[in-house]
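Asks: Predicted model, plus sequence, below.
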Amino acid sequence: METNNKSVVKFDFQHGFANDTIILKVNSKEVFKKDDLSSDLRISLAGSFTIDVLNGQTRLEIIVPTKNLSISKTIMIDSEEGKYIGISIINPETKNPQLKITELNEQPFYL
């Protein structure tokens with residue numbers, strides 16, 4: 001596998017966002033920041049962001065300062081078809097909300 005090839009990674013911000021700020025870092029570099037992000041309850045999607053990433057191990061960091069949440073995860077990217085990352089807030093209305101990252105090899109379907 002050549003490490004200089006790139007793949008497209010699409011991030012879908014899914015369930016649990018309500019007027020939140022989200023910061024996305026890839027390999028410690030901030031690549032996306034958005035304020036007032038809210039999930040559309042009809043389709044469980046708050047928004048999307050797409051980036052080209054070098055193939056190989058990639059470190060993701062997702063920060064939701066409005067809920068005092070952050071999560072880091074290292075993923076392997078080596079797909080010509082790209083990778084889809086779902087990001088949700090689980091139990092957003094409780095005292096213990098959590099971030100969840102879901103890796104998919106094909107684009108999810110939203111109604």
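Replies: The structure has been received and is ready for your questions.

Asks: Which residues does Gly86 form beta bridges with?
Replies: Assessed by DSSP bridges, Gly86 has beta-bridge partners Asp12, Thr102.

Asks: tell me the contacts of it?
Replies: Applying C-beta atoms under 8 Å, 6 or more residues apart in numbering, we find Gly86 in contact with Asp12, Gln14, Lys100, Ile101, Thr102, Glu103, Leu104, Pro108. For the C-beta atoms, the positions are set from N, CA and C on the backbone; glycine is no exception.

Asks: Swap in 10 Å and give it another go.
Replies: Residues in contact with Gly86, defined by C-beta atoms under 10 Å, 6 or more residues apart in numbering, are 10-15, 44-45, 100-104, 108.

Asks: That one and Lys95: what is the separation?
Replies: For Gly86, the distance to Lys95 (C-beta to C-beta, to the nearest Å) stands at 24 Å.

Asks: Which per-residue confidence value corresponds to the closest residue to Asn5 other than its chain neighbours?
Replies: Leaving out its chain neighbours, the residue that sits closest to Asn5 by C-beta to C-beta, 6 or more residues apart in numbering is Asn55, at 4.8 Å. Per-residue confidence (pLDDT) for Asn55: 88.

Asks: residue ranges with poor pLDDT in the protein?
Replies: Residues of the chain that meet the criterion pLDDT under 70 lie in 1-4, 111.

Asks: quick one: the helices in the chain?
Replies: In the chain, no helices are defined using DSSP state H.

Asks: Show me the strands in the protein, by range?
Replies: For the chain, the strands defined by DSSP state E occupy 6-13, 20-26, 29-37, 47-54, 56-64, 69-77, 83-90, 98-104.

Asks: Need the residues that contact the second one.
Replies: Applying C-beta under 10 Å, 6+ apart, the set of residues contacting strand 20-26 from outside is 9, 11, 13, 30-39, 46-47, 49, 51, 53-54, 58-67, 69-70, 72, 77, 85, 87, 89, 92, 99.
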